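Participant: based on what follows, work out the 3D shape:
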Amino acid sequence: MGVAEMKEIKLKLMILLVLAILRETRSHGDQPLSRISIHNAVFALHDLAYVTASPTVLGLRASFTVLISLYIGETIEWVTLEFGSSNPSVDDWIGVFSPANFSASSCSKENLRVLAPVLCSAPIKYQYANFSSPEYKDTGKGFLKFQLINQRSDFSFALFSGGLSNPKVVAVSNHVAFRNPNAPVYPRIAQGKSWDEITVTWTSGYGTNEAEPFVEWGPKGGDRARSPAGTLTFDRNSMCGAPARTVGWRDPGFIHTSFLKDLWPNRVYTYKLGHRLFNETYIWSRNYQFRASPYPGQNSLQQVVIFGDMGKDEADGSNEYNNFQRGSLNSTKQLIQDLENIDIVFHIGDICYANGYLSQWDQFTAQVEPIASTVPYMITSGNHERDWPGTNSFYKNMDSGGECGVLAETMFYVPTQNRDKFWYSTEYGMFRFCIADTESDWREGTEQYKFIEHCLASVDRQKQPWLIFLAHRVLGYSSCICYAEEGSFAEPMGRESLQKLWQKYKVDIAIYGHVHNYERTCPVYQNTCTSKEKHYYKGSLNGTIHIVAGGGGASLSAFTNLQTKWSLVKDRDYGFVKLTAFDHSNLLFEYKKSRDGRVYDSFRISRDYRDILACTVDSCPCTTLAS
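Facilitator: Okay, here's the model as predicted:
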């Protein structure tokens, strides 16, 4: 083989490697449930194959009745399966289905040219039969343990042969169900439209024709009041395409939101979810508590956690998310362990990567319940929540799997004027957060651009000195290979449209997700560092520090080998960032890894109010000789 041929082969290999990296970065991994060829599934039940599940009734441990009030029990339980087959294979797998009757003649067609599948829905999770029993291939017998959450319906377990590409149902288990499948579950609190309001959102199986939803709440140790809740739901026709409206569809139940108003700053409140059935029976959740927000401008310790792209994972080892969102449980675990030192959380897009498999939203809200029930859990819209062709999303891809924003806009509350326009602002003590929706047009002259400018311009920096811009896609700076190959180092048109606003209104920090790694820039304006300092900034920044914090849990993104002069720190690992405001003059930024919760990067900002007022490049008021 000649030298020229060797060079050509090496060049081709390099091109293939780059394409593979780009594919990994841009796809963010495939939804594992999409790997199952539901439309190829057939029934081949065998007399010598079996699946037995136990226990059959879940959620009993904490359930008890007092007079006419029913208190719900555990909402997360373990089920043990014993199964067998006369013709075992390493490709055999167990699917978890809910509702339990997953096979029917009533499956809806995707369109007139495609026949309805034999299975009406994809499983909510699956595991290979030899996961806990390596000898299964030889003995034909095995066992598995699955962790189930209360999802408003019963469950069954099916043993499949033929692998994921040619699935054949050879055995179906008995049914398993929670004692009260309709119980109120997975509360998630959020900031309301004013600083002294907290909203409580939860999911149940009770519609307004069955029960009246409310929250019973009050100061810790004090009298309680009851606040009614509004109720939302949606049907299959609300979805924009497959799989969300076909095999990924699952009834979302009812989503309730109650508004707790006139809260006292920093006071601890307790609450529980309630439903009054029309037979006068009350259904209650357990008790929860939260601390009310500080007064805007209040000088107190305030701690904020921010990350993007976390997704969900399974504690039972189910491999639906294997090699896809490996950091998700670690991130969740670290936040729970440090919850006493967290006041509010921002999950900046790509929430659970359901991608049209609706069952995953329940599983995500169950995963984050210890966090979201205790501190405000604020979300932004990402491409995996919103994007779908022909639905007015800025990007025309199919990343949402047909959800087109409906799930994100319904399952979580955010203080927008219009939930379909997912941009908003919120105040937390000394912080003002301006949150953009990158899946809607942000360019100059648009409605969102006007909102962003108003949010930045209207803050009183004497009272709220820490001005933070949040968005899902990187509108500022990123050394991700996906952007470097385009030569943009960020979303095209993002920085061009918004950098004059960041500079004019002296935005301290802009934080993004979408790229699954961590990166920190210098204070920067127009590609130029405005300070040589790296860890301790005094006085005016003269630019904005841009952070990529998309390492919440989804598969990691690669960096370019190109050296970007504005990039100070890069880390291809899972993690999240934390902002701690000690007072009006001192802010600490920390990057923590999900594996151990330790700090791997940090910087401080110290300044006075007059430093914010100082005139910098492109932030000076226009003057004339007359003035």
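Participant: tally of neighbours for I435?
Facilitator: Neighbours of I435 under the rule other C-beta atoms under 10 Å: 27. For every residue, glycine as well, the C-beta is placed using N, CA and C.
Participant: cool, and L613?
Facilitator: Per other C-beta under 10 Å, the neighbour tally for L613 reads 11.
Participant: give me the element the nearest residue to it once chain neighbours are set aside is part of.
Facilitator: Counting by C-beta to C-beta, 6 or more residues apart in numbering, R461 is the residue found nearest to L613 once chain neighbours are left out, at 7.8 Å. Using DSSP states H and E, R461 is not contained in any helix or strand.
Participant: R461 and V507 touch, don't they?
Facilitator: No - the criterion here is C-beta atoms under 8 Å, and R461 misses it with V507 at 10.9 Å.
Participant: find residues that contact each of those two.
Facilitator: Applying C-beta atoms under 8 Å, 6 or more residues apart in numbering, one finds that R461 and V507 are jointly contacted by L467.
Participant: so those two - more neighbours on which side?
Facilitator: More crowded of R461 and V507, by other C-beta under 10 Å: V507, with 24 against 16.
Participant: surely that one and L470 touch.
Facilitator: No - distance between V507 and L470: 10.5 Å, which falls outside the contact criterion (C-beta under 8 Å).
Participant: so what sits against both of these two?
Facilitator: Residues touching both V507 and L470 (C-beta under 8 Å, 6+ apart) are C434.
Participant: which residues in this structure form helices?
Facilitator: For the chain, the helices defined by DSSP state H cover 3-27, 136-139, 328-337, 359-367, 369-372, 383-386, 406-411, 447-457, 481-486, 494-504, 609-613.
Participant: save those as a markdown table, and put in distance to Y536 and mean pLDDT too.
Facilitator: What follows is the helices of the chain, written out as a markdown table (distance: least, C-beta to C-beta, whole Å; pLDDT from 0 to 100):
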| stretch | distance to Y536 | mean pLDDT |
| --- | --- | --- |
| helix 3-27 | 33 | 42 |
| helix 136-139 | 59 | 96 |
| helix 328-337 | 26 | 96 |
| helix 359-367 | 37 | 96 |
| helix 369-372 | 31 | 97 |
| helix 383-386 | 36 | 97 |
| helix 406-411 | 38 | 98 |
| helix 447-457 | 25 | 98 |
| helix 481-486 | 29 | 92 |
| helix 494-504 | 22 | 95 |
| helix 609-613 | 14 | 92 |
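Participant: any idea which of those gets closest to H347?
Facilitator: Ranking the helices of the chain by proximity to H347 (C-beta to C-beta) places helix 369-372 first, at 9.2 Å.
Participant: now the helices of the chain in a markdown table, with distance to T52?
Facilitator: Shown next, in a markdown table, are the helices of the chain (distance: least, C-beta to C-beta, whole Å):
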| stretch | distance to T52 |
| --- | --- |
| helix 3-27 | 38 |
| helix 136-139 | 15 |
| helix 328-337 | 29 |
| helix 359-367 | 23 |
| helix 369-372 | 30 |
| helix 383-386 | 37 |
| helix 406-411 | 34 |
| helix 447-457 | 55 |
| helix 481-486 | 48 |
| helix 494-504 | 55 |
| helix 609-613 | 67 |
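Participant: which non-adjacent residue is nearest T208?
Facilitator: T231 (5.2 Å).
Participant: how far off centre is stretch 487-496?
Facilitator: Per C-alpha atoms, centre = their mean, to the nearest Å, the displacement of stretch 487-496 from the mean C-alpha position of its chain is 24 Å.
Participant: now that stretch: buried residues?
Facilitator: The neighbour-count check on stretch 487-496 (16 or more other C-beta atoms under 10 Å) flags S488, F489, A490, E491, G494, R495 as buried.
Participant: next: stretch 579-596.
Facilitator: Buried residues in stretch 579-596, counted by 16+ other C-beta under 10 Å: 579-582, 584, 587-594.
Participant: identify the farthest-apart pair in these.
Facilitator: Farthest pair in the buried residues of stretch 579-596, by C-beta to C-beta: H584 and S594, 31.2 Å.
Participant: residue contacts, the residue nearest in space to the middle of the chain?
Facilitator: Central residue of the chain (C-alpha atoms, centre = their mean): I351, 1.8 Å from the mean position. With contact set as C-beta under 8 Å, 6+ apart, I351 has these partners: M310, G311, F364, I379, G382, H384, E385, A408, F412.
Participant: and if we set it to 7 Å?
Facilitator: Contacts for I351 (C-beta atoms under 7 Å, 6 or more residues apart in numbering) come out as F364, I379, G382, E385, A408.
Participant: redo these as TSV? Include distance to W93 and neighbour count.
Facilitator: Formatted as TSV, the contacts of I351 follow (distance: C-beta to C-beta, whole Å; neighbours: other C-beta atoms under 10 Å):
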residue	distance to W93	neighbour count
F364	23	25
I379	33	26
G382	30	30
E385	29	31
A408	30	27
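Participant: what's the closest of those residues to Y512?
Facilitator: Nearest to Y512 among these is G382, at 10.4 Å by C-beta to C-beta.
Participant: if I look at the closest residue to the closest one other than its chain neighbours, what pLDDT would I see?
Facilitator: Leaving out its chain neighbours, the residue that sits closest to G382 by C-beta to C-beta, 6+ apart is G349, at 2.8 Å. Note for G349: predicted pLDDT of 97.
Participant: again with Q31
Facilitator: In this model, Q31 is scored at 84, pLDDT.
Participant: again, but for A116
Facilitator: For A116, the predicted pLDDT is 53.
Participant: again, but for N180
Facilitator: On the pLDDT scale, N180 is placed at 93.
Participant: so how far is D47 from it?
Facilitator: Relative to D47, N180 is positioned 36 Å away (C-beta to C-beta, to the nearest Å).
Participant: so for the two, which sits in the more crowded spot?
Facilitator: Each of N180 and D47 has its neighbours counted (other C-beta under 10 Å); N180 has more, 20 against 8.
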